[in-house]
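*Asks:* My questions are about this predicted structure, shown below with the sequence.
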Amino acid sequence: MRNYIKYPPFEWREHKGQCIPRGPSFRWAREVTIRLTNCTLALRLPRHAPEPGGDSGEWRILPRIYELEGRNHNDRRMPSQSWRYEGIVARNWAFYGPWFTGCMGKVHFSLVGLRLSEPNPQINFLHPKALETAALSYITASWGHEVYGSKPYYQAPLNWTPLHELPVPTLCFDMKRVIQAGVRYRFIFFPVGRDKLIKISFSCYQYATGTQEEIDARISPEPMLELVENILGSLQVSLSPELQREVDAVREAYPDAAVSPDCPPLDWPAHVDRDGLTILPYDEKLYAEPVR
């Protein structure tokens, strides 16, 4: 638990040696419930606690059923506009150094619903391989086109891991910046219908410069990563009878289907076709605004 006397939000001196920052206590995190059309999600989240003066960035859970119709992404984030999203909940948690050394980092959490902009009745995200295709295509549509000169700005997936705790196929992986260290990204994808997905994402920021090894030597990432693991470990998904029957039907038809045990990083930079699922070779002019 963070001691507010020992770990205040004020920066009056420089920290010497490796800092092990402190953030919110997961012990006191409350369970939140999210109602979707065919299932209910529950997980424990600390209350929103951004650094003083920072952008709040909070999305509050609304007391309604989320149907995940979604809206378009920002053109810069997703030039293909091939996926729609609905933001459900987002929170920030600041992490502080001891004895007036200030804010050392933060964890940003978000949970969003996803669906293809152009419905495709031929694909069923309840099938593990379809889930994989969707997750890899979505991250490519969102981050695969980012470049620094001729180099990709991001690399993913890393540390690919199938998760078996939920009643639907689930996968987890990381992403990193190729050019600039100091941020770790983690994504979790799972279906909540044949045409709808949930994406949970974490961004862990360390406020230091240098290589990742040098940054870790100055600010330990472990307290932030521990919070991420605790939140993921609290996640529960309860299916409606209708969705459970759909899941059972897929398992009966494809008894050997499973999320792949590993997956190499994608060949980025790249784009995604407007169908949202077909990864295309990178072309900076593909989705450029026409010259008038």
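*Replies:* All right, it came through fine. Quantities reported herein were computed from a predicted structural model and do not represent experimental measurements. Numbering: from 1, shown residues only.
*Asks:* name the element the residue most central in space within the chain belongs to?
*Replies:* The residue lying closest to the centre of the chain (C-alpha atoms, centre = their mean) is S201, at 1.5 Å. Taking DSSP states H and E as the definition, one finds S201 inside strand 196-206.
*Asks:* May I see the buried residues of that strand?
*Replies:* K196, L197, I198, K199, I200, S201, F202, S203, C204, Y205, Q206 (16 or more other C-beta atoms under 10 Å). For every residue, glycine as well, the C-beta is placed using N, CA and C.
*Asks:* same question, stretch 239-247
*Replies:* Residues L239, L243, E246, V247 are the ones in stretch 239-247 that count as buried (16+ other C-beta under 10 Å).
*Asks:* Just those residues: which are in strands?
*Replies:* L239 (DSSP state E).
*Asks:* Now tabulate the buried residues of stretch 239-247 in TSV and tack on distance to P98.
*Replies:* Conversion of the buried residues of stretch 239-247 to TSV gives the following (distance: C-beta to C-beta, whole Å):
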residue	distance to P98
L239	45
L243	47
E246	51
V247	48
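*Asks:* hey, where'd the strands end up in the stretch 101-250 of the chain?
*Replies:* Taking DSSP state E, counting those that start in this stretch, the strands of the stretch 101-250 of the chain run over residues 103-116, 147-148, 151-152, 154-163, 170-177, 183-193, 196-206, 236-239.
*Asks:* now the angle from the first one to strand 196-206?
*Replies:* Put plainly, it is strand 103-116. 160 degrees (axes from the mean of the first three to the mean of the last three C-alpha atoms, to 10 degrees).
*Asks:* Quickly run through the sheet partners of strand 103-116, with directions.
*Replies:* If you go by DSSP bridges, strand 103-116 pairs up with strand 83-96 (antiparallel), strand 196-206 (antiparallel).
*Asks:* for those, which one sits closest to Y287?
*Replies:* Nearest to Y287 among the strands paired with strand 103-116 is strand 83-96; the distance by C-beta to C-beta comes to 13.6 Å.
*Asks:* What mean pLDDT does the closest one get?
*Replies:* Strand 83-96 shows a mean pLDDT of 95.
*Asks:* got the CA positions of it in PDB?
*Replies:* Taking C-alpha atoms only, strand 83-96 is exported to PDB below (Å, rounded to 0.1, in the frame of the first residue of the first chain):
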ATOM      1  CA  TRP A  83     -12.800  -1.100 -37.100                       C
ATOM      2  CA  ARG A  84     -15.200   0.600 -34.900                       C
ATOM      3  CA  TYR A  85     -14.800   1.000 -31.100                       C
ATOM      4  CA  GLU A  86     -16.800   1.800 -28.000                       C
ATOM      5  CA  GLY A  87     -14.900   3.100 -25.000                       C
ATOM      6  CA  ILE A  88     -16.300   1.600 -21.800                       C
ATOM      7  CA  VAL A  89     -13.800   2.300 -18.900                       C
ATOM      8  CA  ALA A  90     -10.400   4.000 -18.700                       C
ATOM      9  CA  ARG A  91      -8.300   5.000 -15.700                       C
ATOM     10  CA  ASN A  92      -4.800   6.300 -14.900                       C
ATOM     11  CA  TRP A  93      -2.700   5.500 -11.800                       C
ATOM     12  CA  ALA A  94       0.300   7.500 -10.900                       C
ATOM     13  CA  PHE A  95       3.400   5.900  -9.200                       C
ATOM     14  CA  TYR A  96       5.600   8.000  -6.900                       C
END
